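K.L.:
mind folding the following:
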Amino acid sequence: MIKLLHALILFLSWSIFISTAKAKSAISVDSHYKSALDSLEQRSIADSPDWQNLIQYTARLLGKRTSEISSSNAFFANDGAHNAQSELRATLRAMLTPLKADQSGDDHPRCKFIARYEFLKNHVQFPSNIENIVCAKFNQWVNIDDVESVSLVFASGYFKNPASFYGHPLLKFNSSKVNTGGLLDITINNGAIVPPNENPLVYMVRGVFGGYQAAFSDTTFYQLNHSYSESDLRDLWDYQLNLNDSQKRKLILYSWELLSQRFTYRFFSKNCGYFLEDLLQYAIGKRLSPRNRIYAVPANTFFNAMQTSNNGKPLVSKISRTPSRHSRLNESFSSLSETGKAAVKNYVITQEFNQQLEPDIELAVIDTLTDYYSFLIAKTDKASKKQTLSQKRTKLYAKRLSLAAKTNDSFEDLTTSIESWSTPPHTGSRPSLVRFGYVRNSELGNGVWFRIRPVSYDLLDLDEGHVENSILNMFNLEATAFEDHLRISRFDLVSIKTLNISRTGLPGDGGLGWGLRFGLERANNSCIDCLLGHVSASAIKAKRLSPALSIYFEGEVSYHSNFKGGSLRTTTTAAAVAKPLRGWKTQLVVGKRFSIDGDADSETLVQWQNRIGDKPNRNIRLDLNYDGESEIHLGYGWYW
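P.N.:
Below is the predicted model:
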């Protein structure tokens, strides 16, 4: 009985001690919370740019500020999505909350919202005896001290995925560990969360109207390089940023925090480039592009990065490229002599070297052939074909090893010639255009014309920064005024064309090009009130005659309607695209148009288009065309 009484007394004493300790802890937390909050509010920290950027508050209608983050679990306050002060108070309270007995450190707000915790530590003094919480998952994810620098990475445009028509930006943490070659570097991506096998047209419609959520994700550079460069055949351009240690740290912490958040995705305005700039803005304190633009083109991020300073230095310190399988083939082939090129083409046909080559030429030929078969392997989806191509490549590897042993040569990159088409994307034309000028029509007389392309490029624009030998117009609007008649003469809702030109002439490189157009256009040049709705599709065969001259043949089927009736037409054209000088690119198109379901005679079409000037932000266009009547356009264009 005495022992039982003794045990009961010990239990009650321990309970009273624990309760007292918890009460003192709660009082301590409340005391520190109140003093810290007073300090934050006296300095209006909730209105500071860093806090606003951290929660991604942006102005909406009537001046109300709302967070871009759509995840409800991203806010500690019920009204935190649109009340910066309320969210700051609730965040401070959450960071001071002790770890629960059944809670791991990774689940505590200090680990899940590690950038916010760092922000608060930089603005208020936390208790010296505050519980130490280990963020094991974050520590496993990255060692901040190992991140030597940060890069913006541009993946070139890709027509098989509407989300990548204009290229795609990434963020890469460059490790100081030289033995990994950068392949294990953490790379941050952003994109829409789209169901598997989503129809591209459904994707574009839902994407335009906010039908998807966007999210950040992380992977190694090796995986993204394999996906983009090896499989999708896209060049990766690395723009290394000039960031100090504090900015690198902020960027890394904020990247971790955003990996668990969701955003409303919009194809034109709030896309991968937009959200990646939000991430970067928190680190450097400024956006690269205006937030309130009705569209955000990923390429603009890189144009603007080149014009931005940081800490008194250019934001971009260095540019490098990871070429795609296709680019490697093009460049290794172009570096060969005519003898080497002939040897490559002969081997592809016969699978034998039928002539004696100098050792250095033979090595270069074998390297080009291995690039060629690697390109074909990446291009095909058939397992049996991949196996056959791999066997051919293995045969070349064996030949390469025997030659290397004889010549004491190593597997170094023998490519030395890099043509102008591999220059960085920021050196090309800006994606948006406004153009105005003079027009002369043989029937309607003199007039003026105007054109605006919010996001687009065509065959005559500078080659850098977009899919080569291609056209991509969205919401392209042209208007013409003759005397007192101002009319829309053309509106391209979507206009896509790719010539798919081979640079090598080898089998499997190049193939059929294609085109697709939806919109409105004049019936011909003889009228002004004759706008027709149209939809068309075309097949194209193109050939590169020299680096400065290509030709192509196109067959198009189109349906035109004036909403009272419609007609089915076919158009065949032959065209040449030439670049005699960097400042002059020209295209000549000659064709015939036929009515399939009508009695109209065939119509002759002629176009001669010229771009004069090589500046990324301006040029002059001179266009002459004949379609029922002749018409001349002379205009000045400004790109932005």
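K.L.:
next up, the contacts around the residue nearest to the spatial centre of the chain.
P.N.:
The residue lying closest to the centre of the chain (C-alpha atoms, centre = their mean) is His168, at 1.3 Å. For His168, the contacting residues are 154-155, 158, 191, 228, 272, 298, by C-beta atoms under 8 Å, 6 or more residues apart in numbering. In short, each C-beta sits where N, CA and C put it, glycine included.
K.L.:
swap in Lys137?
P.N.:
Lys137 sits in contact with 106, 111, where contact means C-beta under 8 Å, 6+ apart.
K.L.:
Ile133 - how many residues pack around it?
P.N.:
Ile133 has 19 neighbours, counted by other C-beta atoms under 10 Å.
K.L.:
what sits closest to it if chain neighbours are left out?
P.N.:
Gly105 (4.5 Å; C-beta to C-beta, 6 or more residues apart in numbering).
K.L.:
that neighbour against Phe138, yeah?
P.N.:
No: contact criterion C-beta atoms under 8 Å: Gly105 and Phe138 do not qualify, at 9.5 Å.
K.L.:
report pLDDT for the spatially closest residue to Leu512 that is not a sequence neighbour.
P.N.:
The shortest distance from Leu512 to any non-neighbouring residue, by C-beta to C-beta, 6+ apart, is to Ala539 (5.7 Å). The model reports Ala539 with a pLDDT of 97.
K.L.:
can I assume Ala539 sits in a strand?
P.N.:
Yes: counting by DSSP: H, G, I helix; E, B strand; the rest coil, Ala539 is part of a strand.
K.L.:
that one and Glu554: what is the separation?
P.N.:
Here Ala539 is placed at a distance of 7 Å from Glu554 (C-beta to C-beta, to the nearest Å).
K.L.:
all strands for the stretch 351-500 of the chain, in order.
P.N.:
For the stretch 351-500 of the chain, the strands defined by DSSP state E, counting those that start in this stretch occupy 433-441, 445-453, 455-457, 470-482, 485-498.
K.L.:
quick one: the first one to strand 485-498, angle?
P.N.:
Just to be clear, that refers to strand 433-441. 120 degrees (axes from the mean of the first three to the mean of the last three C-alpha atoms, to 10 degrees).
K.L.:
for the stretch 151-300 of the chain, give me the ranges with low pLDDT.
P.N.:
162-163, 178-179 (pLDDT under 70).
K.L.:
isn't Met204 right up against Phe268?
P.N.:
No: counting by C-beta under 8 Å, Met204 does not reach Phe268; the two are 9.9 Å apart.
K.L.:
give me the domain ranges for this protein.
P.N.:
23-141, 144-322, 336-407, 428-639 (automatic domain parsing).
K.L.:
which one of the ones you listed lies nearest to Asn330?
P.N.:
Closest to Asn330 of these is domain 428-639 (C-beta to C-beta; 4.6 Å).
K.L.:
any idea how far apart the tips of that closest one sit?
P.N.:
For domain 428-639, the first-to-last residue distance is 10 Å (C-alpha to C-alpha, to the nearest Å).
K.L.:
for Ser255, grab phi and psi.
P.N.:
phi -60, psi -40 (degrees, to the nearest 10).
K.L.:
with adjacent residues omitted, what lies nearest to it?
P.N.:
Leaving aside its chain neighbours, Ser255 sits nearest to Ile188 (5.2 Å; criterion: C-beta to C-beta, 6+ apart).
K.L.:
how distant is the host helix or strand of that neighbour from the center of its chain?
P.N.:
Of the helices and strands defined by DSSP states H and E, Ile188 is found in strand 186-192. From the chain centre to the centre of strand 186-192 is a distance of 11 Å (C-alpha atoms, centre = their mean, to the nearest Å).
K.L.:
okay, now the sheet partners of it, with direction.
P.N.:
Paired strands of strand 186-192, with direction, are strand 168-175 (antiparallel), strand 212-220 (antiparallel) (DSSP bridges).
K.L.:
of all these, which one comes closest to Ser324?
P.N.:
That would be strand 168-175 among the strands paired with strand 186-192, by C-beta to C-beta, at 13.4 Å.
K.L.:
just the CA trace of the closest one, in PDB.
P.N.:
Only the C-alpha atoms of strand 168-175 are listed here, as PDB (Å, rounded to 0.1, in the frame of the first residue of the first chain):
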ATOM      1  CA  HIS A 168      10.700  26.000 -72.700                       C
ATOM      2  CA  PRO A 169      12.700  27.500 -69.800                       C
ATOM      3  CA  LEU A 170      14.300  25.600 -66.900                       C
ATOM      4  CA  LEU A 171      16.300  26.500 -63.800                       C
ATOM      5  CA  LYS A 172      19.500  24.500 -63.000                       C
ATOM      6  CA  PHE A 173      21.600  24.400 -59.800                       C
ATOM      7  CA  ASN A 174      25.200  23.900 -61.000                       C
ATOM      8  CA  SER A 175      27.100  21.700 -58.600                       C
END
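K.L.:
which neighbours do Gly105 and Phe138 share?
P.N.:
Counting by C-beta under 8 Å, 6+ apart, the shared contacts of Gly105 and Phe138 are Cys111.
K.L.:
wait, which of the strands paired with strand 186-192 is closest to Tyr57?
P.N.:
strand 212-220 (17.5 Å).
K.L.:
and that closest one, which residues are buried?
P.N.:
Across strand 212-220, burial judged by 16 or more other C-beta atoms under 10 Å covers 212, 214-216, 218, 220.
K.L.:
ditto for stretch 510-528
P.N.:
By neighbour count with 16+ other C-beta under 10 Å, stretch 510-528 contains the buried residues 510, 513-515, 517, 519-525, 528.
K.L.:
now swap in stretch 475-487 and tell me
P.N.:
475-480, 482.
K.L.:
so what touches it?
P.N.:
439, 441, 444-456, 488-493, 495, 519, 528-529, 531.
K.L.:
Produce a ChimeraX select command limited to the buried residues of the residues you listed.
P.N.:
Provided next is the ChimeraX selection string for whichever of the contacts of stretch 475-487 are buried by 16+ other C-beta under 10 Å:
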select :439,441,444,447,449,450,451,453,454,455,456,489,490,491,492,495,519,528,531
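K.L.:
rank the strands of the stretch 351-500 of the chain by pLDDT, which is bottom?
P.N.:
It's strand 455-457: among the strands of the stretch 351-500 of the chain, that one has the lowest mean pLDDT, namely a mean of 84.
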